[in-house]
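Participant: model this:
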Amino acid sequence: MIISGINLVKKSESYLRAKSSKWTKSSENVIRLVLNGSYIVTLTLVLLLIISLTQAHNTYVISRIFIGVAALFYLLLASYLLRKRRLKITAWMLIAIYWSIAGFILHTWGVNAPVGILLLGFVIVLASILLGAKYISLVALATILLLISLQLSATFGISHPDRSTLDNVSTFGDIASYATIFGVFALIAWVSRRQMEQSLQRALIAESELQKEKDSLAVKLAERTHSLYEAQAKEMGQLYRFAELGQLTTIILHELANYLSILTLDIEDLKDRHQNSIAIDRAKESITYIDTIIDQVRNQIKDSDNIQKFDPSSIIINTLEQLKRKHPATTIILSDKRSSRQIRQKIFGDPLRLSQAITILVTNAAQAPTQHKKTSIFVEISSSSKAIQIKVKDFGVGISEQSRQQLFQPHKSTKGGGLGIGLYITKQIVETHFKGKISIDPSTKFTQFNLEIPKLH
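Facilitator: Numbers count the residues shown, from 1 in each chain. This is a model prediction of the structure:
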């Protein structure tokens, strides 16, 4: 769900970047179109003026030829800036040259000269297309100030425009000039409108895609919410089963404690009758061990731990001795690879909980299917700078890869009659109580559990 939301935001940002890039490209195309058109028109006018000078010997066009050549160099400079992608400077240069031409025409032939007025209108339209709406008011204000200054100049006799041309009869040359200006107007208007339509089309497509993403995100959100509800219901069911198991365990412990008390009295009576009986001594030792386990389970149910500093090796040794008597057909070998200095280092927690974790792992290993007549289990203790490592390894048929993936989940057992809570309890003891780690070693085809419990520094 979160990934889909991030993808939606990224697509929106990508669309905005693409739209900005396309808008810049479109503006560049318009500037190049106007620039090339201006260059062609100026070059044509210069050639016509040169023909007028050479063929008709009209010497008054010499100054206009120099102005035209200067305008060509000006446009060449604008082309250079356009290649350097200095779009705004190039746009201002185009607006400035047309604004200057219009001012020159109006200064020479008067404010009512149609060509000058048309050019000023063209300048305002060109500014809106090349620079955007925010510069229209600035260009319009400059145009109005130009007209006011020209009128004041003519009124006070500073300039003397030639208004005689306004009384002349129009010619097809005038029509050609107006047609050229109107053609440029139409071309720019068409390009501008085309850009707007394309931008609108892209916006509609992007909106449609974003709506599809939104709908898809809503569906994924609903699916994710449904799966969370199912997982929560499943977890509540597991908690309910654990609560039932706890209630049943409490009842069994109560009954077991009562029978052990009676059994203890009976064994004491037998010991009085049969002095120095090894079997009776072992029975008393086993009963003491069972009493200890019962007390441990009762404390766990009451959420009461016997937290202390202790040496894990002594607890593991005592636990394995009890397990050897419980599983006489199993060979249990303990290997302590720590140095004498490391053996003195202790861990922090409840010793009975560590005993319970080792008991579960060794018992599972003893009950695991094997191809050999006698089961062998290796328990190894080692140490690093920060933790105690405990390895429990058997040489049975191993655990399948599919079973390994859900090995520590509750009610997932690899044994036919198992409850599937032993390894789950072990994981909780190691990770929650001792703040350590437990894992199954993937490097061996046999079953090996690796425990890591932090040292007490």
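
Participant: can you give me the buried ones in whatever helix or strand T143 lives in?
Facilitator: Element membership for T143 (DSSP states H and E) is helix 136-155. If you call a residue buried by 16 or more other Cβ atoms under 10 Å, then helix 136-155 has these buried ones: V139, A142, T143, L146, L147, L150, A154. Using the backbone N, CA and C atoms, a C-beta is placed for each residue, glycine as well.

Participant: got the contact list for it?
Facilitator: The contact list for helix 136-155 (Cβ atoms under 8 Å, 6 or more residues apart in numbering) reads 95, 99, 102-103, 106-107, 110-111, 120, 123-124, 127-128, 131, 158-161.

Participant: change it to 10 Å
Facilitator: 92, 95-96, 99-100, 102-103, 106-107, 110-111, 116-117, 119-121, 123-129, 131, 158-161, 163 (Cβ atoms under 10 Å, 6 or more residues apart in numbering).

Participant: can I get it in CSV? Just the C-alpha atoms.
Facilitator: This file holds the C-alpha atoms of helix 136-155, laid out as CSV (Å, rounded to 0.1, in the frame of the first residue of the first chain):
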residue,chain,number,x,y,z
ILE,A,136,2.0,41.4,-20.6
SER,A,137,1.2,44.3,-18.3
LEU,A,138,4.9,45.4,-18.3
VAL,A,139,5.1,45.4,-22.1
ALA,A,140,1.7,47.0,-22.5
LEU,A,141,2.8,49.8,-20.1
ALA,A,142,6.0,50.3,-22.0
THR,A,143,4.0,50.5,-25.2
ILE,A,144,1.6,53.1,-23.8
LEU,A,145,4.5,55.2,-22.4
LEU,A,146,6.1,55.0,-25.9
LEU,A,147,2.9,56.4,-27.5
ILE,A,148,2.6,59.1,-24.9
SER,A,149,6.2,60.2,-25.4
LEU,A,150,5.9,60.2,-29.2
GLN,A,151,2.8,62.3,-29.0
LEU,A,152,4.4,64.8,-26.5
SER,A,153,7.5,65.0,-28.8
ALA,A,154,5.4,65.8,-31.8
THR,A,155,3.2,68.3,-29.8
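
Participant: in the stretch 51-200 of the chain, what residue spans correspond to helices?
Facilitator: Ranges of helices in the stretch 51-200 of the chain, per DSSP state H, counting those that start in this stretch, are 62-83, 87-109, 114-130, 136-155, 172-273.

Participant: ok so, going back, and the buried ones among the contacts of helix 136-155, selectable in ChimeraX?
Facilitator: To isolate the buried members of the contacts of helix 136-155 in ChimeraX, using 16+ other Cβ under 10 Å:
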select :92,95,99,102,103,106,107,110,111,116,117,119,120,123,124,125,126,127,128,129,131,159,161
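
Participant: helices along the stretch 351-457 of the chain, start to end?
Facilitator: Going by DSSP H, counting those that start in this stretch, the stretch 351-457 of the chain shows helices at 351-367, 401-405, 422-428.

Participant: pick the most deeply packed of those.
Facilitator: Across the helices of the stretch 351-457 of the chain, the average number of neighbours (mean count of other Cβ atoms under 10 Å) peaks for helix 351-367, which reaches a mean of 22.
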